[in-house]
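Student: just to be clear, the model below is a prediction. Sequence and coordinates:
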Amino acid sequence: MTTLMDSFPSPPQGVWHVGSLPIRAYAMFIIAGIVVALVIGNRRWIARGGEPGVVYDIAIWAVPFGVIGGRLYHVVTDWRTYLGDGGLGLAAAFRIWDGGLGIWGAVALGGVGAWIGCRRRAIPLPAFGDAVAPGIVLAQAIGRIGNYFNQELYGSATNLPWGLEIYYRRDPSGIVDVHSLDGVSTGQVAAIVHPTFLYELLWNVGVFIALIYIDRRFRIGHGRLFALYVGGYCLGRFFVELMRTDAATHIAGIRINSFTSTLVLIGALVYFFRAPKGREDLAVNGSGGDGQAPDIAMGDDGTAERVDSGMDPAAAPAADQIGQRSGDDLAGAENSANDSRRGSE
């Protein structure tokens, strides 16, 4: 027999009010995740040779696009909740603070925003994606804590020791419902269920650790680490979706997110194996260090090679004059040699 000692409780509420201002746990954890992703992404970008602060500049484009994309995906794939018979209505589709962000829409449209930002800074999008990928999946893990406070995204009933207690909640109007986002727990347990949000959270943390290790061990670049992030996340999400019992659109009896996970996973694997191996040199691409273009010299085989001279720009005119005199001396020596050969002929 299952007792309350065999499970852990949901938070009593997910919304607090400071005067008339609602403080929503879901929104706070989403924001916290974004901040963590940006800090990690910026540090990784600098470590790869990129210019400090670039990640924050691109985030001005990527984050709003990602939020809009995530909401669009959620509403389109769960349109009956809003526009179906007895649905919440079109206005509810814009109430993003009530929860509901589809990660695939967020990544897709967020990628468009990142592409715009990268174009404006003249840096390669794949390299940017590799830098921010671990931070993104960790941000997703943090965001799942918001689902815990919202008492949502759980699975079927279970008697396992880590089962989640779902409570009835009473909203300000007096309505009692387990799905009330603005309500406060009545203390009455409605069910003990699989905490699928927690399963996904732990999986995402595992993907984060794996990405950091793989990147350090194999120095992956050209967007391949981002592809591993996408593929790794989709693999875990596919199985988590099979356990969830919340309302969702189905195709042939299977949740639509399971189909999306499969298709995106295949696309990520194809990209990973077809993309160039190795890692880009961000300084060569014009986004590193002091922003100066790299020095170029001619190699023994006649091809251009990058030279990290570290020369002070103020010394460049003097260096040019020395190079010009050296060239003049060389030309004079060649002319003298030619005159000597003509004399001997």
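Tutor: Received the coordinates, thanks.

Student: show me where the stretch 151-300 of the chain has its strands.
Tutor: 163-170, 176-177, 184-193, 250-251, 254-255, 295-298 (DSSP state E, counting those that start in this stretch).

Student: could you tell me the least trusted of those strands?
Tutor: Among the strands of the stretch 151-300 of the chain, strand 295-298 has the lowest mean pLDDT, at a mean of 39.

Student: quick one, what contacts the spatially most central residue of the chain?
Tutor: For the chain, the residue nearest the mean C-alpha position is residue 136 (2.9 Å; Cα atoms, centre = their mean). Residue 136 sits next to 37, 41, 107, 229 when contact means Cβ atoms under 8 Å, 6 or more residues apart in numbering. For every residue, glycine as well, the C-beta is placed using N, CA and C.

Student: could you list the low-pLDDT ranges of the stretch 51-200 of the chain?
Tutor: 97-99 (pLDDT under 70).

Student: what about the helices in it?
Tutor: Ranges of helices within the stretch 51-200 of the chain are 54-77, 79-83, 103-121, 125-150, 196-218, based on DSSP state H, counting those that start in this stretch.

Student: pick the most deeply packed of those.
Tutor: helix 125-150 (a mean of 24; mean count of other Cβ atoms under 10 Å).

Student: tell me what angle it forms with helix 196-218.
Tutor: Calculated by axes from the mean of the first three to the mean of the last three Cα atoms, to 10 degrees, helix 125-150 forms an angle of 150 degrees with helix 196-218.

Student: so how far is helix 125-150 from its chain's centroid?
Tutor: Put simply, helix 125-150 sits 5 Å off its chain's centre (Cα atoms, centre = their mean, to the nearest Å).

Student: for residue 293, give me the pLDDT.
Tutor: As predicted, residue 293 sits at a pLDDT of 38.

Student: returning to that earlier point: can you lay out the helices of the stretch 51-200 of the chain as TSV showing distance to residue 9?
Tutor: What follows is the helices of the stretch 51-200 of the chain, written out as TSV (distance: least, Cβ to Cβ, whole Å):
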stretch	distance to residue 9
helix 54-77	27
helix 79-83	27
helix 103-121	27
helix 125-150	10
helix 196-218	13
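
Student: closest to residue 22 out of the ones you listed?
Tutor: For the helices of the stretch 51-200 of the chain, proximity to residue 22 was assessed by Cβ to Cβ; helix 125-150 is nearest, at 12.8 Å.

Student: hey, which of the strands of the stretch 151-300 of the chain is tucked in deepest?
Tutor: strand 163-170 (a mean of 20).

Student: so which elements touch it?
Tutor: strand 7-9, strand 176-177, strand 184-193 (3 or more Cβ pairs under 8 Å, 6 or more residues apart in numbering; DSSP states H and E).

Student: apply 10 Å and report the result again.
Tutor: strand 7-9, strand 176-177, strand 184-193, helix 196-218 (3 or more Cβ pairs under 10 Å, 6 or more residues apart in numbering; DSSP states H and E).

Student: and the spatially closest residue to residue 256 that is not a sequence neighbour, what does it touch?
Tutor: Spatially, and ignoring its direct neighbours in sequence, residue 256 is nearest to residue 249 (4.6 Å; Cβ to Cβ, 6 or more residues apart in numbering). Shown in contact with residue 249 (Cβ atoms under 10 Å, 6 or more residues apart in numbering): 76, 77, 78, 79, 80, 81, 255, 256, 257, 259.

Student: run the last query once more with 8 Å
Tutor: Contacts of residue 249 by Cβ under 8 Å, 6+ apart are 77, 78, 79, 80, 255, 256.

Student: next one: residue 255
Tutor: 241, 242, 244, 248, 249.

Student: how about a cut-off of 6 Å?
Tutor: Shown in contact with residue 255 (Cβ atoms under 6 Å, 6 or more residues apart in numbering): 241, 248.

Student: measure residue 41 to residue 124 for me?
Tutor: 15 Å (Cβ to Cβ, to the nearest Å).
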